[in-house]
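Enquirer: Give me coordinates for this.
(one chain, ligands or ions: 2)
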Amino acid sequence: MACRGSRGPRVFLPFLYPSLFNPNGTQIARASLSKRCSSTEAAAPTPHDPATTHNHHHHLNPAPDDYSMPNFADKAKLSLYAGGGGHGCISFLREAYMDDGPPNGGDGGHGGSIYIQATHGETSLHKLARRKFIRAGKGKTGQGSSKSGQRGDDVVITVPVGTIVRELSRNDPEAENEAITTTRMRRRKKQQALIPAEMGEDGEPIEDPQRAKWILYPGISTSEAKRMSLPPLPNRERLLRQPKAPVYLDLSRPTPRPILLAAGALGGLGNPHFASRDRAKPMFATRGEQPITMDIEMELKLLADVGLVGLPNAGKSTLLRAISNSRARVGHWEFTTLQPNIGTVVLDNNKGRPLVKSYRQVNATSDDPWAVNLPEPEREQRTRFTIADIPGLIEGAHLDRGLGIAFLRHVERAGVLAFVVDLNNGNAVEALKALWLEVGLYAQMREEEEQHRKREAQIDWSAGLGEDSSDSTFWTTTKTMEEARNTGGLHIAGKPWFVVATKCDLPDTKANFEELREYLAAITRGDEPHPSGVEDAWTKDCAVIPVSAINKHGIDRVIHWTVGLLDG
Ligand SMILES: Nc1nc2c(ncn2[C@@H]2O[C@H](COP(=O)(O)OP(=O)(O)OP(=O)(O)O)[C@@H](O)[C@H]2O)c(=O)[nH]1
Ligand SMILES: [Mg+2]
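Expert: Ligands and ions are numbered 1, 2, ... in the order given. Model prediction:
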């Protein structure tokens, strides 16, 4: 039987069913079509068809579209809006035979707070980068019959481990009001006789922030409202203090508990709070406080054990695919990789028997995310390590050529650096020197940035706002972390490193390899300076490992050497 529409409509089949006609699916498409259409025109697969015979793609030499590219962003700016407090309620009991009962207005609910938590489940900031705003819930207004308003919902921002959070600006209306009130009080005390209390120096009446905090019964007239004497605002204990400005968090470990970024505002008090013997029916309640708003910037520095650094097209992604189960994109053109990839190397090959015995130090767990004085670290058998593959660096990357050096931040915290050098692309020694030059310049730039940031952090932004957060353990411990980090010396040149010489399966690469090996041996002996030019850089045992990543040759040696350096 002839296939329905076997002539004309078949012209449209590639448009209607593109998946049947894509380059990889040619064979399937033709086979299925020939099954469905028994007509003589159907193209059956032939063994000499170039599309079917010249297909050498495999896991390490994949087709251009065989890769996974999850959404990724390593920077995000967010505006945080904590929840405002709900207003207190002015209400009086009304019941049968009691038309003028006692006050029974409920309190307003507190606003929701915003927290941040670093978890292992997250890998990127792209979701946050798209959101731009984070709002915690508003507290609901209190109601009659002593019903308090509902509390606003808290929000927890989850970020990947390795995220750095910096506060850019904040607006805290309550702290500002407090500061204005304190100055007014001081001024009144000083110049009581000279200036009328409610007038400013320019003769204009000063808006009393204290007065604006009251909410009056809607039924009363304006003149009555002006005459009404209001009690002093009650001093209220805050459940949560705002963290001291500017917030700086380095979330390099998963945080066991969420960390407060912006505390929700307090809800207002209902009118029963102001009832007294002289004032049995208070016609006022307090407003909910205004919420704090804050702009923050987040930067993710991936935390991999090993960082791959190389020129574009050197074979970094192929090496990552060979060494781990990563599906990083591979292609014979430059800048195939546009965002960092992380691969995990399983040391026991999932067979339960470690190929390489390796131990890593684990810190004893502590409830306090910022605890610095932890007990002695324990040693635990390492079963896996992670590798980060980043976009290739080109000469002049520090001048923002190519993809720039922004991606180097992802290898900045790696324990070991692996320089991937293509033996088939010019002099390998020159390539290595060029890479180290860029890395060195990057390290210098970061150090300058760090110095600048430290100078900025010394400015007390909260001065004059009447805020005393000196007892805040949050801030003091964060500072201690900072100091520890700086004294530790995070300079990139101090890290252990080695070179992976790839593409050694290609002809005429031996001489290039020998020259590179000689050069590295000279560095280890101390005859040649470290390629970055930095003094006291790591030159203990500079090795080069020849590999053919595409054939998976020499990969085990890379794993052994890496583990040796990690255990160091
Ligand atoms: N012959 C041979 N070719 C290789 C080897 N490793 C990688 N290649 C090829 O080199 C080309 C570039 O490989 P990639 O892994 O994409 O290189 P990359 O360093 O990740 O490149 P960028 O992401 O652009 O920086 C591809 O065509 C690979 O097939 C190897 O060991 N031998
Ligand atoms: Mg790549």
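Enquirer: First-to-last residue distance for stretch 331-343?
Expert: Using C-alpha to C-alpha, to the nearest Å, the end-to-end distance of stretch 331-343 comes out at 18 Å.
Enquirer: near ligand 1 at all, that stretch?
Expert: Yes. Interface with ligand 1: stretch 331-343 contributes 331-332, 334-337 (C-beta under 6 Å from any ligand atom). The C-beta positions use only the backbone N, C-alpha and C, and glycine is treated the same way.
Enquirer: out of these, which touch ligand 2?
Expert: Restricting the residues of stretch 331-343 next to ligand 1 to those near ligand 2 by C-beta under 5 Å from the ion leaves 336-337.
Enquirer: Closest to residue 319 out of the residues of stretch 331-343 next to ligand 1?
Expert: Closest to residue 319 out of those is residue 337 (11.7 Å), distances taken as C-beta to C-beta.
Enquirer: For that closest one, the count of nearby residues, please.
Expert: By other C-beta atoms under 10 Å, 25 other residues sit near residue 337.
Enquirer: Within the sheet, what are the partner strands of the helix or strand containing residue 77, with directions?
Expert: Element membership of residue 77 [criterion: DSSP states H and E] is strand 75-81. Using DSSP bridges, the strands paired with strand 75-81 are strand 133-135 (parallel), strand 293-300 (antiparallel).
Enquirer: I'd like to know which elements the helix ranked longest in the chain is packed against.
Expert: Across the chain, the longest stretch assigned as helix under DSSP state H is helix 428-457. Applying 3 or more C-beta pairs under 8 Å, 6 or more residues apart in numbering; DSSP states H and E, one finds that helix 428-457 contacts strand 306-310, strand 416-422, helix 510-525.
Enquirer: hmm, that helix touching ligand 1?
Expert: No. Applying C-beta under 6 Å from any ligand atom, one finds helix 428-457 separated from ligand 1 by no less than 11.8 Å.
Enquirer: Any buried residues in that helix, and which?
Expert: Buried positions in helix 428-457, judged by neighbour count with 16 or more other C-beta atoms under 10 Å: 428-429, 431-432, 434-443, 446.
Enquirer: One more: stretch 280-296?
Expert: Using 16+ other C-beta under 10 Å as the test for burial, stretch 280-296 gives 282-294, 296.
Enquirer: any chance of the residues you listed in TSV, plus secondary structure?
Expert: Listed next are the buried residues of stretch 280-296 as TSV, based on DSSP: H, G, I helix; E, B strand; the rest coil:
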residue	secondary structure
282	coil
283	coil
284	strand
285	strand
286	strand
287	coil
288	coil
289	coil
290	coil
291	coil
292	coil
293	strand
294	strand
296	strand
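Enquirer: and the residues you listed, which two are the farthest apart?
Expert: Spatial extent of the buried residues of stretch 280-296 (C-beta to C-beta) is set by the pair 283 and 296 at 41.8 Å.
Enquirer: who in the stretch 201-350 of the chain is up against ligand 1?
Expert: 310, 312-318, 330-332, 334-337.
Enquirer: what's the neighbour count on whatever residue of the stretch 351-500 of the chain ends up closest to ligand 1?
Expert: Of all residues in the stretch 351-500 of the chain, residue 392 sits closest to ligand 1, at 2.9 Å by C-beta to the nearest ligand atom. When neighbours are counted by other C-beta under 10 Å, residue 392 registers 24.
Enquirer: Leaving out the residues flanking it, which one is nearest to it?
Expert: residue 312 (3.0 Å; C-beta to C-beta, 6 or more residues apart in numbering).
Enquirer: can you pull out the strands in the stretch 301-450 of the chain?
Expert: Taking DSSP state E, counting those that start in this stretch as the criterion, the stretch 301-450 of the chain carries its strands at 306-310, 341-346, 359-362, 378-381, 384-389, 416-422.
Enquirer: So for residue 110, which of these sits nearest?
Expert: Evaluated over the strands of the stretch 301-450 of the chain, closeness to residue 110 peaks at strand 359-362, with 39.1 Å, by C-beta to C-beta.
Enquirer: Show the average pLDDT along that closest one.
Expert: Averaged across strand 359-362, the pLDDT comes to 67.
Enquirer: Repeat that for stretch 275-290.
Expert: Stretch 275-290 comes out at a mean pLDDT of 86.
Enquirer: next one: that stretch to chain centre, how far?
Expert: Relative to its parent chain, stretch 275-290 has a centroid offset of 45 Å by C-alpha atoms, centre = their mean, to the nearest Å.
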